[in-house]
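Undergrad: Need coordinates for the following:
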Amino acid sequence: MRKRRLILALLGLSLSGATVANDELLKELAQKAMVSNPDVLSHWHDFKAATNEISVARGGYFPKVDLSSNAGNEQLTTPLAQFQPISSSFYRDTTTLTMTQMLYDGFITRDEVRRLNHVQLSRYFEWSDAMENSALETAQAYFDLMRHKALYRLSEENFVSHRVVFEQIQMKVNAGVGRAVDLEQVKGRLALSESNLVNDNANVHDVNARMMRLVNELPAQENSASPNDLINLVPKNAAASQLAVAIGNNPAVLAAVENVMAAQSDLDERRGKYQPRVDLVLSQSRGQNAGGVLGQNRDAVAQVVMSWNLFNGGADSSRSDQYIEHLESARSKRDKVCRDVRQAVDLAYHGIWTITEQLGFLEQRQISIEKARYAYKKQFDLGQRSLLDLLDSENELYQAKRAYINAVYDRAINVAKTLAGMGKLVGALGLTRLDAGDVAGASVGTEEKPEACPAEASQSMQDRKEALIQSAREQLKPIQANVPVPSMTPLQPSAPAEPSASGEPSAPAPSSGPAEAPKTAGAPMSDHAAPEVIKVPTPKIAPKHQSNPKQKSKNKKKNKQKQKHRRKSEQKPAGPKGVPASSEDGAAVR
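TA: Presented below is the predicted three-dimensional model:
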């Protein structure tokens, strides 16, 4: 009775859990997963079977009533005097009613009932653990689906940003004012952004496949709730108390504890074989011509029967040793489950507050990089930043946003793991446990075919590449309106300069005609004049001098000759007395 009351109390406690999650979509998906999950249903039927098995063991306390009847011809031969036997043949029938009541059996029946009570509780906690795991898997798949959808939208924005830069650089290159190497650089970054877009779309498909396995259907609506609803159930700076709650309330640990107690009761039952068995037997029989006595007969018996096995070939002793090892094995499994739960809850709980602390820094990083990227974009449009600076700022902002999104959903998953480890996730989501109606509705039919498994494929996000490219072009229109696009009249290439005797190209010859005045911005261009070229300022890079041994030796000789000539000029005497060394206009007098 104590075990039954405990089960009812646990069922009432689980059903009366307060709903704190505001995410109705998560609650709906977790409820469907719990009702239709084959693992949950399997443990539910195991629990029901264990409940019925207790009634089987309790039957040993009640009397056993047997009815037997026989009829047939009997031939009887009896010896008489002078050794002359007399044979007779007659018809006989007998009906016997027997009642046997166990008075003492070495407490075998009591230990069997206790063992099955522990097995029933073990099956109940295993079923509860299956429901917690089902809710946890659904929550993980749900948060991963929301995560990858957010990352996919972020990849779309990243693709649009790179497409805008690509269109801008391509426009400059086509106009002859940009460098082809910049176009190749932005092409590579654009290809990487498109690859990220394809990869995130594939991740959405994979998570949808997980959701199909758990819930057997895809979410019909988008989520609008925050992934931080459950964090209020986990107190901060209380790791020790949370671990104690997990060890005391985790269904897997409680199931392992019940398995140990069931093994102990099983060992006690085996030891009952050493005790005698005492039964009360009441029987009454009626018949005719029974025992060779012709006529009607009636027999009534009331007796106490004791049976005691004195030797069984050592089988009972060996069986006791066997169940001692089973008991030790159950204890080791209990300790292993406890350590696994402790580790899982400890890691998840610590991860919640570690990520919470990181979120502030990740958000600050995201805001700062976004401001820097905005400034870099303005400076790039003015020619004060290189293309590589702009692309690096775009990529760093993209990575910062991805890190923040991943941290938000990692924390939500850690919260779900912590609650599941403490056995509170089902109650926190406000889920309703199985009842008879749910089990009947989730059955697969009499033919045991997978009828409740529709051949419905998982879905990915819709490919919107053309719309994204159009969005990039729309964003490029204000920039394109401010950049004058020259006509495509080809420039006349100038004649190559002829090399001088020293091997260096000579300076171009000056024009014989008069120099043309510079044209104003509003002056019209002639038909044959070269179009105005908009020069994009680029950072100056000092040319690298190549080492040439011959050229170095020539330069050394020239320097020595110059120094020698300078010394000779300094040693010349001054001019005649009264004659200045230089004229009024500053020309040297030789």
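Undergrad: Surely residue 178 is in a strand?
TA: No: assigned with DSSP: H, G, I helix; E, B strand; the rest coil, residue 178 falls outside any strand and is coil.
Undergrad: Could you tell me how many residues sit around the nearest residue to it once chain neighbours are set aside?
TA: The shortest distance from residue 178 to any non-neighbouring residue, by CB to CB, 6 or more residues apart in numbering, is to residue 172 (3.1 Å). Where you see a C-beta, it was placed from the backbone N, CA and C, and this is true even at glycine. Close neighbours of residue 172, defined as other CB atoms under 10 Å, add up to 18.
Undergrad: Can you mark which positions in stretch 167-185 are buried?
TA: For stretch 167-185, the buried set under the neighbour-count rule, 16 or more other CB atoms under 10 Å, comprises 167, 168, 169, 171, 172, 173, 175, 177, 178, 182, 183, 185.
Undergrad: Out of those, which one has the lowest pLDDT?
TA: For the buried residues of stretch 167-185, the least confident position by pLDDT is residue 178, scoring 80.
Undergrad: Distance check, it against residue 322.
TA: Look at residue 178 and residue 322: by CB to CB, to the nearest Å, they are 85 Å apart.
Undergrad: picking up where we left off before, out of the buried residues of stretch 167-185, which is nearest to residue 121?
TA: The nearest member of these to residue 121, counting by CB to CB, is residue 185 at 67.4 Å.
Undergrad: quick one, what contacts the closest one?
TA: The contact partners of residue 185, taken as CB atoms under 8 Å, 6 or more residues apart in numbering, are 387, 388, 391.
Undergrad: Based on its surroundings, how many neighbours for the second one?
TA: For residue 388, the number of neighbouring residues by other CB under 10 Å comes to 12.
Undergrad: Okay, and the nearest residue to it once chain neighbours are set aside sits in which element?
TA: Nearest residue to residue 388, sequence neighbours excluded (CB to CB, 6+ apart): residue 185, at 6.8 Å. Per DSSP states H and E: residue 185 is located in helix 180-215.
Undergrad: what's across from residue 297 in the sheet?
TA: The bridge-partner assignment for residue 297, based on DSSP bridges, gives residue 287.
Undergrad: quick one: it and residue 286 touch, right?
TA: Yes: counting by CB atoms under 8 Å, residue 286 is a contact partner of residue 297 at 7.4 Å.
Undergrad: Next, the distance between the ends of stretch 56-63.
TA: Separation of the first and last residues of stretch 56-63 by CA to CA, to the nearest Å is 13 Å.
Undergrad: Show me which residues of it are buried.
TA: Under the neighbour-count criterion of 16+ other CB under 10 Å, stretch 56-63 has residue 57 buried.
Undergrad: Residue 377 and residue 168, how far apart?
TA: 10 Å.
Undergrad: so after the worst-scoring helix or strand of the chain on mean pLDDT, what's the next helix or strand?
TA: Among the secondary structure pieces of the chain, namely its helices and strands, helix 436-441 has the lowest mean (mean pLDDT, DSSP states H and E), a mean of 41. Proceeding C-terminally, helix 436-441 gives way to helix 465-482 as the next helix or strand, assigned by DSSP H and E.
Undergrad: Which secondary structure elements does that following helix sit against?
TA: Taking 3 or more CB pairs under 8 Å, 6 or more residues apart in numbering; DSSP states H and E as contact, the helices and strands that helix 465-482 lies on are helix 108-174.
Undergrad: Could you check the angle the helix it packs on makes with helix 180-215?
TA: Note on geometry: by axes from the mean of the first three to the mean of the last three CA atoms, to 10 degrees, helix 108-174 and helix 180-215 are set 160 degrees apart in direction.
Undergrad: how distant is helix 108-174 from the center of its chain?
TA: Centroid separation for helix 108-174 versus its chain: 5 Å, with CA atoms, centre = their mean, to the nearest Å.
Undergrad: Counting by contacts, list what that helix packs against.
TA: Under the contact criterion of 3+ CB pairs under 8 Å, 6+ apart, the helices and strands touching helix 108-174 comprise helix 2-15, helix 24-36, helix 38-58, helix 180-215, helix 251-271, helix 387-421, helix 425-429, helix 465-482.
Undergrad: can you tell me which residues contact the residue found closest to residue 94 once you drop the neighbours it is linked to in the chain?
TA: Closest residue in space to residue 94, ignoring its immediate chain neighbours: residue 287 at 3.4 Å, by CB to CB, 6+ apart. By CB under 8 Å, 6+ apart, the residues touching residue 287 are 92, 93, 94, 95, 296, 297.
Undergrad: Identify, from the residues you listed, the entry nearest to residue 57.
TA: So of the contacts of residue 287, ranked by how close each gets to residue 57 (CB to CB), first place is residue 95, at 31.4 Å.
Undergrad: from memory that closest one sits against residue 286, does it?
TA: Yes: at 5.4 Å, residue 95 counts as touching residue 286 under the criterion of CB under 8 Å.
Undergrad: more neighbours, the two?
TA: Under the neighbour definition other CB under 10 Å, residue 95 and residue 286 were set side by side, and residue 286 has more, 16 against 13.
Undergrad: hang on, the earlier thing: filter the contacts of residue 287 down to just the buried residues.
TA: Among these, the ones that count as buried by 16+ other CB under 10 Å are 92, 94.
Undergrad: Can I get the helices and strands packed on helix 108-174 in TSV including distance to residue 131?
TA: As requested, those are arranged in TSV below (distance: least, CB to CB, whole Å):
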stretch	distance to residue 131
helix 2-15	9
helix 24-36	5
helix 38-58	6
helix 180-215	13
helix 251-271	8
helix 387-421	10
helix 425-429	5
helix 465-482	43
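Undergrad: wait, which of those helices is closest to residue 138?
TA: Using CB to CB as the measure, helix 24-36 is the one of the helices and strands packed on helix 108-174 that comes nearest residue 138, at 4.4 Å.
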